[in-house]
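Engineer: Let's see this in three dimensions:
(2 chains, ligands or ions: 1)
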Amino acid sequence: MVAFKGCYALVYRTYMRETGGLLMKKLISALAVAAAFIGAQATAQDIANMSDTEFAHIAYTADNIDIRYAHLALALSDNPEIKKFAKTMISDHEAVNEAALELLAKLGATAQDNAVSQALNERADNIINEFSQLRGAAFDKAYAENELAYHQEVNALVEGTMIPNIDNAEVKALFEQGLKIFKAHEKHAEMMVKSVQ
Amino acid sequence: MCSDFSRRHILIAGAAASVAALTNPAKAEVRSKIHDVRIKDFVYVPDTLHVHVGDTIRWINDDLAPHTATALEFGWDTGELKRGESAEVVVSENMETAYFCVFHPHMKAQLVIS
Ligand SMILES: [Cu+2]
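Structural biologist: Next comes the predicted model:
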């Protein structure tokens, strides 16, 4: 850790002037995300070094997880606001995934499975198991809070770690569009969390 | 249920449009204009639109995410607009002027009818 800090300080001094702190922001969010998502399984550097097709797989996985949460909410919640939000999550994330598949097909590429996608899925399985035991207001509160936290985390990962490291311009543009959608969801989730308190 | 809701409101908007066209034929011919409102990055552009009775407003969704333009009290509605789709509503005298996106309720805009 000391060695890493030293290295980080050197990198920071070297690039700070040119990048206006962008690199620092990137490293910090990469670290935060790595800690939150994948623990010891991969380092921040591992994520930053991933290929575009691995990024695409992570994004596709993250979309599908939110779609799964939304289907659970439609099945278990009686709250019209929660149901409306869940329907929006399904239609928006499906739209992004459709666009992602179109682009991959156009580029002749295939999304590539990786440790981050697997860790995301594993965590989602646990959350779905846990939430499926809840009913009524307890479910609504848990769902709303998880939606906010999940969008915050994924947005940090996409914005801080993935977008700056994407090579292909079209893939990058799609991620930027996706990020705008997920940021809108984050705002919406904030309101929803307040409404179920 | 969601799509029934949308379809019903498209019909209502369509009926309101036809009535407006029938009752104001002269006005509609003389100065009816088409105003485009683009939906981009979760914003209606422009977010305040000045229109006259008989004009047509056309919403075009440039976003990946589907959106709607829906009167706050649901008096009119474009229904769901997927990426690249558009829908038109004819301005009538007493139509609601504040609207939002049913899917993303923080998206808001307004019409000014003169
Ligand atoms: Cu919308």
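Engineer: Report the secondary structure element holding B:Glu88.
Structural biologist: According to DSSP states H and E, B:Glu88 maps onto strand B:86-90.
Engineer: where's that strand relative to the chain centroid, distance-wise?
Structural biologist: From the chain centre to the centre of strand B:86-90 is a distance of 5 Å (C-alpha atoms, centre = their mean, to the nearest Å).
Engineer: Stretch A:182-190 too?
Structural biologist: With C-alpha atoms, centre = their mean as the basis, stretch A:182-190 stands 12 Å off its chain's centre.
Engineer: what do you get for stretch A:128-136?
Structural biologist: Remark: stretch A:128-136 is offset 22 Å from the chain centroid, using C-alpha atoms, centre = their mean.
Engineer: Return the set of buried residues in it.
Structural biologist: Neighbour counts over stretch A:128-136 (16 or more other C-beta atoms under 10 Å in any protein chain shown) mark A:131, A:134 as buried. C-beta coordinates here come from the backbone N, C-alpha and C atoms, glycine included.
Engineer: send the alpha carbons of it over as PDB?
Structural biologist: Presented in PDB, the C-alpha positions along stretch A:128-136 are these (Å, rounded to 0.1, in the frame of the first residue of the first chain):
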ATOM      1  CA  ILE A 128     -32.500 -10.400  -5.100                       C
ATOM      2  CA  ASN A 129     -32.600 -13.300  -2.700                       C
ATOM      3  CA  GLU A 130     -32.600 -10.900   0.300                       C
ATOM      4  CA  PHE A 131     -35.200  -8.600  -1.200                       C
ATOM      5  CA  SER A 132     -37.500 -11.400  -2.300                       C
ATOM      6  CA  GLN A 133     -38.200 -12.000   1.400                       C
ATOM      7  CA  LEU A 134     -39.400  -8.400   1.900                       C
ATOM      8  CA  ARG A 135     -43.000  -7.200   1.500                       C
ATOM      9  CA  GLY A 136     -44.900  -3.800   1.600                       C
END
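Engineer: The residue nearest to A:Val158 when sequence neighbours are not counted: what secondary structure?
Structural biologist: Spatial nearest neighbour of A:Val158, chain neighbours left out: A:Leu179 (5.1 Å); criterion: C-beta to C-beta, 6 or more residues apart in numbering or on different chains. In three-state terms, and counting by DSSP: H, G, I helix; E, B strand; the rest coil, A:Leu179 is helix.
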